[in-house]
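In: Attaching a predicted model along with its sequence, questions to come.
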Amino acid sequence: MPRQARKVSELNIYHVILRGINRQIIFEEDNDYLQFISILKYYKNRCDFKIYAYCLMNNHIHLLIEHSSTNMETIMKKIEVKFVRWYNTKYQRVGHLFQDRYKSEPINDMRYFLTVFRYINQNPLHAGLESVIGTYPWSSYQEYLALDDSFIDINKVIKLFADSEECINFLSTDSNIKCMEGYPQSGISDKDALQMIRERTGCDSTADFQCLELFARNKYLKMLHQSGITIRQLNRLTGISRTSIEKAIKSE
């Protein structure tokens, strides 16, 4: 089936989402987040694009980005390839890290621009990773709070408000509007599920889990599911396909 052409933004601004393959974890530790940010900065200087908001979740990435001379496909390919090469070398793995092509939606008016801007910065709040907006370290909220435009292009956004304080108040006002995706729902948080996986299997990363001998891997999958971790979570947190997890759970 041929790929559908992407919808084009009249403003050259897009909300972009990158997901880990099978929704698995992309960022295992702080240095992984820092490396991705470093790559964003590297290509921002070379490809002449602007970033108005970002949020790096453990298994997916949000960007609010405006391109100019370099098209979005080229920008995202450069970012993905450079990070995957670094990640695969670090974790001694091969193959794809991201799921299919990046997802994107065009921003064609400033009202929706602000909706996406707030949605991205509030993603950790709605995912249960923070109880107060701004405590999660891997989003653009802190740049707006500190008025730091060295990486994030905050000035265009702040000019849409009376002042920077009004901008922060807007970001701090809880909104249930969802853009391109819903908020994850589960009985056990991903953070607690990850801790459980590490304690019970001795695996510190998705790569470690995927290298387990098949019998041991399936035994752990069944045990973890019986402990309350959903199939969807196991899929995200281990990188094992849902079909394989379901077979492991049903095995004797």
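Out: Structure received. Residues are numbered from 1 along each chain as shown.
In: Any stretches of the stretch 101-250 of the chain with poor pLDDT?
Out: Along the stretch 101-250 of the chain, the parts satisfying pLDDT under 70 run over 181-187.
In: Tell me which stretches of it form strands.
Out: Under the criterion DSSP state E, counting those that start in this stretch, the stretch 101-250 of the chain contains strands at 103-107.
In: tell me the contacts of residue 155?
Out: residue 149 (CB atoms under 8 Å, 6 or more residues apart in numbering). Yep, even glycine has a C-beta here, placed from its N, CA and C like the rest.
In: what's the distance between it and residue 189?
Out: 36 Å (CB to CB, to the nearest Å).
In: go on, residue 136?
Out: For residue 136 relative to residue 189 (CB to CB), the value is 13 Å.
In: Please say which of these two ends up with more neighbours.
Out: Higher neighbour count among residue 136 and residue 189: residue 136, with 20 against 14, using other CB atoms under 10 Å.
In: ok, the residue lying closest to the more buried one once chain neighbours are set aside - how many residues close by?
Out: Leaving aside its sequence neighbours, residue 136 sits nearest to residue 124 (CB to CB, 6 or more residues apart in numbering; 3.6 Å). Counted with other CB under 10 Å, residues neighbouring residue 124 total 22.
In: now do residue 226
Out: 9.
In: Going forward, count from 12.
Out: Renumbered: residue one is now 12, and that last one reads residue 237.
In: Pull the contacting residues for residue 64.
Out: 73, 74, 75, 127, 128, 131, 132, 150, 151, 163, 168.
In: In helices, which of these appear?
Out: Residues of these located in helices (DSSP state H): 127, 128, 131, 132, 168.
In: Wait, the first one touches residue 75, no?
Out: Pointing back at residue 127 there. Yes. Here residue 127 lies in contact with residue 75, judged by CB atoms under 8 Å, at a distance of 5.7 Å.
In: Look up how far residue 132 lies from the closest residue to residue 155 other than its chain neighbours.
Out: Distance criterion CB to CB, 6+ apart; nearest residue to residue 155, sequence neighbours excluded, is residue 165 at 5.5 Å. Distance, residue 165 to residue 132, by CB to CB: 12 Å.
In: repeat for residue 187
Out: From residue 187 across to residue 132, the span is 14 Å (CB to CB).
In: ok, now residue 35?
Out: Taking CB to CB, one finds residue 35 at 24 Å from residue 132.
In: higher neighbour count, these two?
Out: Neighbours were counted for residue 35 and for residue 132 using other CB under 10 Å; residue 132 has more, 26 against 23.
In: Hmm, residue 151 and that one touching each other?
Out: Yes. Between residue 132 and residue 151 there is a contact under CB under 8 Å: 6.2 Å.
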